[in-house]
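Asker: predicted model and sequence follow; I will ask about them next.
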Amino acid sequence: MKKNIKIKTEYIKLNQLLKWCGVASTGGEADVIISDGKVSFNGEIEFRRGKKVRPGDVVNVNDTDYAVQGDKE
């Protein structure tokens, strides 16, 4: 499954993105999901919760791709 996520800023941190798209209900829950290796960033497992996600990046969690788009896309 693929979902498009729009952001209005230059970037969003990975743990904030997980909350924004509803994967995690709290920042702590998002951090655990990331540290458990359940998140891939552009095809690679990502363990850094503060990783900057920008328009054009794709984050995958639970077999769902979240394609990040900018405000102008």
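Answerer: Alright, I've got the coordinates. Just so it is clear, the model here is predicted, and its values are computed rather than measured.
Asker: ok, longest helix in this structure?
Answerer: Longest helix in the chain by number of residues (criterion: DSSP state H): helix 27-35.
Asker: how far is that helix from where the chain is centred?
Answerer: With C-alpha atoms, centre = their mean, to the nearest Å as the basis, helix 27-35 stands 11 Å off its chain's centre.
Asker: contacts for that helix, please.
Answerer: Outside helix 27-35, the residues that touch it by C-beta atoms under 8 Å, 6 or more residues apart in numbering are 14-16, 18-19, 23-24, 39, 46-49, 61. C-beta coordinates here come from the backbone N, C-alpha and C atoms, glycine included.
Asker: in strands, which of these fall?
Answerer: Among those, the residues falling in strands (DSSP state E) are 39, 61.
Asker: just the buried ones from the contacts of helix 27-35?
Answerer: Among these, the ones that count as buried by 16 or more other C-beta atoms under 10 Å are 14, 15, 16, 18, 19, 23, 24, 39, 46, 49, 61.
Asker: who's the closest spatial neighbour of residue 48, skipping the chain neighbours?
Answerer: residue 14 (6.9 Å; C-beta to C-beta, 6 or more residues apart in numbering).
Asker: is it true that that neighbour touches residue 47?
Answerer: No. The pair residue 14 and residue 47 does not pass the contact test of C-beta atoms under 8 Å, sitting 9.6 Å apart.
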